[in-house]
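*Asks:* Quick one: sequence and predicted model below, then my questions.
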Amino acid sequence: MSNSSTTVDIRQTPQGRLGMWILIAGELIIFGGLIACYLLNRIRYPEWGMEAVHTSTFFGALNTAVLLLSSFTIVLAHTAANNMKPRKAQMYMMLTIIGGLLFLVNKSIEYSREISEGLTFSSPKLVASGKEVGSLFWSFYYIMTGLHALHVVVGMTVIFIIMLQIRKGNNLHRVELAGMYWHMVDLIWIFLFPLLYIAK
Amino acid sequence: MENGQHQQSFIQKYIFSTDHKVIGMQYAINGLLMAIAGGFLAYVFRYNLAFPGKDIPLFGQLSPMQYNTFITNHGMIMVFWVGMPLLLSSLGNFLIPTMVGTDDMAFPTLNMLSFWIFFVSSIVLLLAFFVPGGAYGGGWTMYPPLSANAYMNPNPDFFQALFSGASLMLLAVALEFVAMLMGGINFVVTTINKRAKGMTAFRIPLIVWFIDIASVIFMFAVGPLVAGAFMLLLDITVGTGFFDAARGGDPILWQHLFWFFGHPEVYVLLLPSLGVLGEILPVFSRKPLFAYKSIIYMALFSAVLSVVVWAHHQFVSGIDPRMATFFSIGTIIISIPFAGIFLAFMATLWGGSIKFTTPMLFALGFIGLFLVGGLTGLFLGSNAFDIYAHDSYFVVAHFHYTLFPDIFFGFFAAFYYWFPKFVGKDLDKTLGKIHFWLTTIFFNLTFFLLFFNGLAGEHRRINNYSFFGNVNKEPYTTFEKICTVGAILLILSQFVFVINLIKTLRSGKKAAKNPWNATTLEWVTDSPPKHGNFDTFPVVYRGPYEYSVPGCNEDYLPQNQEN
Amino acid sequence: MEHTQDNGSVVYPDVKTDYHGHPNYFRVLIYLLVLLGLSLAVFEFNLPANVAIAIVFAVAVWKIGMVIRNFMHLRYEPILIWIAVFAAVFILLAFFWGVFPDVSMVHRELAPKL
Amino acid sequence: MNIFPENVTTYAGEIDNLFWLIFTFVAIAFVISVIALIYPMIRYSNKNSPKAEYITGEKKKHFKWITIALVLLAMSDFVILVVEHGTWDKIEMNPPTDGVRVGITGIQWNWVFTYPGPDGKINTSDDIVINEMESELHVPVNTNVIMELRSRDVIHNVFLPNARLKQDVLPGRTNIRWVNFTKEGKYELICSQICGVLHSKMRNFIVVDSKEKYDAFMKDLYEKHNPKPKVDSPAKVATDSLQAKVPSADSTAKK
């Protein structure tokens, strides 16, 4: 019989990272399913190009840049945590949360502009003008960006909680896990951006 | 190792416990309670089918709407709230940590959260029966536009629509998926990361492999349906048009989203049960599992294949006929690895020394009954015959012949086998055997004749067949009655199980450490295992099925025994 | 930065014993921003629409690859994680391929007038 | 054995034969499997065989039995696939294009039948629409009947037990299926996809008439309904398609 310290350590990856990867794979499939549904319909209806014109490339690009930068800061937080500098890690995490907030502010400005133009998923204007297929585009637009925004909020919450947890210098490895989730949010946006804002 | 013997309050120990065994127990109890609900629904609509219009004992009159609601919820409950918790979550929680030789799951808190989310999901599902308009009654597949328009109010306000039967069912399913995702992450990470020393990939018992493969299939196939459930929920509540043809949506998209998960789900339910067979057959044949590695390879192959066969549920949905041809080929090909697994199980018996204990009887019964279910699948997998048999009682009989042995025989086999270990008392052998024989006989009585009704053109989900000329004649009306009698007796015979359980819990003999002389790690520890499972972590020296090894004193070699 | 072990057991990788390597994050960020600029600038070059869209999506996939490899450190992970990530992509492709003929190739028809 | 309903179409027999073909393979497989399951239970029971052999099954000598069985299964699978693909090809992939056209439209909870006007086409302005409970669709015997299947509200399923035909109808698309009756009579047309409360009552009839009776019926029908000949002016077509863009009121009523 053995002693206990070596037996549980047969592992290739720390279990937190392993679990996180599986979660990320699962999340990618959820979003991927949505994106696949969108693409299938996008190919079916070329007239959606006329609707995509109304999305604001400027805001989309700005948001992409914001998310990329916040990804950068969270990865710096991870480096700081690795170097056992909880203060510095907390600062970078705060920056990431500010990035997330900036993203949400941008997004809400965008939403309010589109809604004031009458571009909603059950827009009477679109239906009345015989463009009810166009309203389906907006359904997809809002569900995809909305679900993504929800993930942004979740990611921010997770980062905030872990920011509080590492104050005393323990649980520093969790910074990386929160970071991985944040990167996933980032890379989903990277794919949504051309899909909704550029391909017109 | 961490000492788990410190005093805990009752709530910490049995309610909000992070111990995998307690969570496994909670899942099993929740699953069995839901099985009672599902069984009661089955009794009510089966009675209605045999004697349409008559008052049903214990229930009363069944209206057509209620009939639809009951069949829908019977399907939902039995698949998602009985099959999944009993086979995947309960067995996974009990067995994975003990079999790979560790103290608990990788993420115990996540594990607890998983159960409580699952518990909430069962409440939400049952709650739907009590909202205005009743639970959803459009088939468990929830095809829109029927489900999207299920709330009859033309201008529903958001909360009215949210608390309609259809959206509550969607919410319940979504919560259940979250719970199972958490559980799945736990299972896979525990198996990969927390194995005992020496527990290499091909020394892991088959059931752990199979639960992990099932979890992976589940986690990877469920994604599109989660997205789809979100879309359908928005269709119901806020009026988007994802599945509304008038606004450019497509109802067939939901069918694809649903079955893309729905078919792999069948294998998610099947694989843990096959794992149970893989444990029980060698123990009671005193012989190694036949072709252990090949079985795993075949399971992996079928796991890959399982995500490209889904559209055989849609042969008559108006999908592209060329695709139907492809999916037909895929479906029939996937029969080969599963046939291989079953043949390997049967080959395990050859040359053995078979003891017919209760778990062994259930395991053998599973093989025999599943044979019928699996072979009738060939009829439905070939798309040309499916044109006729689709949505008929042939399908009903077929999937009950697969899912009933799978869920109940698989679970009971596991129950009778591991009960002494995890509860620490010996079940009554005679009552167990009576339970097996009654269940087997009445199960066949219930479902076998339905094949003929299906071939005669009896279609599903109808509350009264006297309307249809082809089936409103002898012998099909008698068959319906026999089926109902069988179903009632089947339900009644489960009381033998309940009696056995109560009797054992009250006055059962204390179980030995290793009553079946099995080799895997869970039998090394006490019965029941204490918090933390092992005194010292075991070290593994050999594969899991070393029975009757030549030149050995005992006829079994435990995995942790050094030569 | 090796993570495989001599006898199949490792010490728990606490943050001091570095589990994986670290790329130059700042360079990666600059690459990503340049690629973002490229996907915006593509339409200024008067390319045919299909080519432009193909480039945009190629750039998006490239960016995703950079994030997942460098920021999420996939390049330092064992093969099993790669399999998990690519299985996700494989499953989505299977889904897309199976549904494509039924949704994208069928044209919408309005309800018949009765 | 008469376990199917009476078969009255050109391809119903083929589907029945397909069943018996698969049944043959399945029965053989079943018998062999049951023997392979029961025999060892007796021969190798604890009583008859107190000591078990040590067979891991990984050796070729032992594993070959499974290989043989799987190859046999694959071969019978192949035969089944080839035969059933012939039937599938005939029914679904290469339907005939000439024949009498009728329209069948599912609504909650009835089948609405559409006969073509003098132009012989469905979904034009001169259609004759029969929307009554328990109504009958008249078709001629020994003629290809091309059915255009549509739905107004939810998913229904056209099920003709005697023709061995089942086809979902979905809102937003037209499925075309065909049938060729060989025997006169009155057959059921059932909805076999759950479509709401009264799904169990959704049943109409197809009446197969001899050619003479069918011609007389159509003549009567035309006299009774007096379908307007179609106006083919481009202007009319243009307004038609414009109107078609606006969805019908009830399909958006929910919103």
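*Replies:* Received, thanks.
*Asks:* Residue D:16 is in contact with residue D:7, correct?
*Replies:* Yes. Distance between residue D:7 and residue D:16: 6.2 Å, which falls inside the contact criterion (C-beta atoms under 8 Å). The way it works is simple: take the backbone N, C-alpha and C, and place the C-beta from them, glycine included.
*Asks:* overlap in contacts of those two?
*Replies:* Common contacts of residue D:7 and residue D:16, defined by C-beta atoms under 8 Å, 6 or more residues apart in numbering or on different chains, comprise residue D:164.
*Asks:* Could you list the buried residues of the longest helix along chain A?
*Replies:* Longest among the helix segments of chain A by residue count, using DSSP state H, is helix A:132-165. Within helix A:132-165, the residues scored as buried using 16 or more other C-beta atoms under 10 Å in any protein chain shown are A:132-145, A:147-149, A:151-152, A:155-156, A:158-160, A:162-163.
*Asks:* Intersect the residues you listed with the contacts of chain B.
*Replies:* Of the residues in the buried residues of helix A:132-165, proximity to chain B by C-beta under 8 Å from any C-beta of the partner chain holds for A:132, A:133, A:135, A:136, A:139, A:140, A:142, A:143, A:147.
*Asks:* Let me know whether the second one touches residue A:47 as I believe.
*Replies:* Yes. A contact is recorded between residue A:133 and residue A:47 when judged using C-beta under 8 Å, the distance being 6.3 Å.
*Asks:* residue contacts, residue A:59?
*Replies:* The contact partners of residue A:59, by C-beta under 8 Å, 6+ apart, come to A:106, A:107, A:109, A:110.
*Asks:* please redo it, this time with the cut-off set to 6 Å
*Replies:* Taking C-beta atoms under 6 Å, 6 or more residues apart in numbering or on different chains as the criterion, residue A:59 is in contact with A:106, A:110.
*Asks:* going on from the helix or strand bottoming out on mean pLDDT in chain A, what's the next piece of helix or strand?
*Replies:* Across the helices and strands of chain A, mean pLDDT, DSSP states H and E gives its lowest value to helix A:4-7, namely a mean of 32. Taking DSSP states H and E as the definition, the helix or strand that follows helix A:4-7 towards the C-terminus is helix A:15-44.
*Asks:* continuing past that next one, what's the next helix or strand?
*Replies:* With DSSP H and E, the next secondary element past helix A:15-44 is helix A:48-52.
*Asks:* anything in that following helix near chain B?
*Replies:* No. Applying C-beta under 6 Å from any C-beta of the partner chain, one finds that helix A:48-52 is not in contact with chain B, the shortest distance being 9.3 Å.
*Asks:* Buried ones in that helix, by neighbour count?
*Replies:* Of the residues in helix A:48-52, those buried by neighbour count under the rule 16+ other C-beta under 10 Å are A:48, A:51, A:52.
*Asks:* circling back: which of the ones next to chain B among the buried residues of helix A:132-165 lies closest to chain C?
*Replies:* If you rank these by distance to chain C using C-beta to the nearest C-beta, residue A:133 comes first, at 7.4 Å.
*Asks:* Just give the nearest non-adjacent residue to that closest one, would you?
*Replies:* The shortest distance from residue A:133 to any residue other than its chain neighbours is 3.7 Å, reached at residue B:248 (C-beta to C-beta, 6 or more residues apart in numbering or on different chains).
*Asks:* tell me the pLDDT at that neighbour?
*Replies:* At residue B:248 the predicted local distance difference test score is 81.
*Asks:* swap in residue A:157?
*Replies:* 95.
*Asks:* Pop out the phi and psi values for the residue nearest to residue A:133.
*Replies:* The phi and psi torsions at residue B:248 (degrees, to the nearest 10) take the values phi 90, psi -10.
*Asks:* And residue D:102, by the same measure?
*Replies:* Phi and psi for residue D:102, reported as degrees, to the nearest 10, are phi -130, psi 160.
*Asks:* what separates the nearest residue to it once chain neighbours are set aside from chain A, distance-wise?
*Replies:* In space, and not counting its chain neighbours, residue D:102 is closest to residue D:147: 5.7 Å by C-beta to C-beta, 6+ apart. Relative to chain A, residue D:147 is positioned 25 Å away (criterion: C-beta to the nearest C-beta, to the nearest Å).
*Asks:* helices or strands up against the helix or strand containing residue D:147?
*Replies:* Using DSSP H and E, residue D:147 sits in strand D:144-151. Secondary-structure packing of strand D:144-151 (3 or more C-beta pairs under 6 Å, 6 or more residues apart in numbering or on different chains; DSSP states H and E): strand D:100-107, strand D:165-169, strand D:175-180.
*Asks:* For those strands, could you give me JSON lines that also reports mean pLDDT?
*Replies:* Listed next are the helices and strands packed on strand D:144-151 as JSON lines, based on pLDDT from 0 to 100:
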{"stretch": "strand D:100-107", "mean pLDDT": "92"}
{"stretch": "strand D:165-169", "mean pLDDT": "92"}
{"stretch": "strand D:175-180", "mean pLDDT": "91"}
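*Asks:* Out of the ones you listed, which one sits most buried?
*Replies:* Scoring the helices and strands packed on strand D:144-151 by mean neighbour count under mean count of other C-beta atoms under 10 Å in any protein chain shown gives strand D:165-169 as the most buried, with a mean of 26.
*Asks:* shaky segments in the chain?
*Replies:* Reading this off chain A. Counting by pLDDT under 70, chain A contains low-confidence residues at A:1-13, A:122-131.
*Asks:* actually it's chain B I care about, not the one you picked
*Replies:* B:1-8, B:150-156.
*Asks:* So which bits of it are right by chain A?
*Replies:* On the criterion C-beta under 6 Å from any C-beta, chain A has as its neighbours in chain B the residues B:1, B:106, B:181, B:185, B:189, B:193-197, B:219, B:223-224, B:226-227, B:239-242, B:247-249, B:536-537, B:539.
*Asks:* Now the buried members of the residues you listed.
*Replies:* With neighbours counted using 16+ other C-beta under 10 Å, the residues of chain B next to chain A contain these buried positions: B:1, B:106, B:181, B:185, B:189, B:193-197, B:219, B:223-224, B:226-227, B:239-242, B:247-249, B:537, B:539.
*Asks:* Return the distance of the nearest residue to residue D:111 once chain neighbours are set aside relative to residue D:225.
*Replies:* Nearest residue to residue D:111 in three dimensions, chain neighbours excluded: residue D:204, at 4.3 Å (C-beta to C-beta, 6+ apart). If you measure residue D:204 against residue D:225 using C-beta to C-beta, to the nearest Å, the figure is 19 Å.
*Asks:* For the residue nearest to residue D:111, which three-state class applies?
*Replies:* Secondary structure state of residue D:204, per DSSP: H, G, I helix; E, B strand; the rest coil, is strand.
*Asks:* That one contacts residue D:110, doesn't it?
*Replies:* No. Here residue D:204 does not reach residue D:110: they are 7.1 Å apart, not a contact under C-beta atoms under 6 Å.
*Asks:* what about residue 31, neighbour count?
*Replies:* Chain wasn't specified; assuming chain A. Burial of residue A:31, expressed as a neighbour count using other C-beta atoms under 10 Å in any protein chain shown, amounts to 25.
*Asks:* Wait, chain D was what I had in mind.
*Replies:* Here the neighbour count serves as a burial measure; for residue D:31 (other C-beta under 10 Å) it reads 10.
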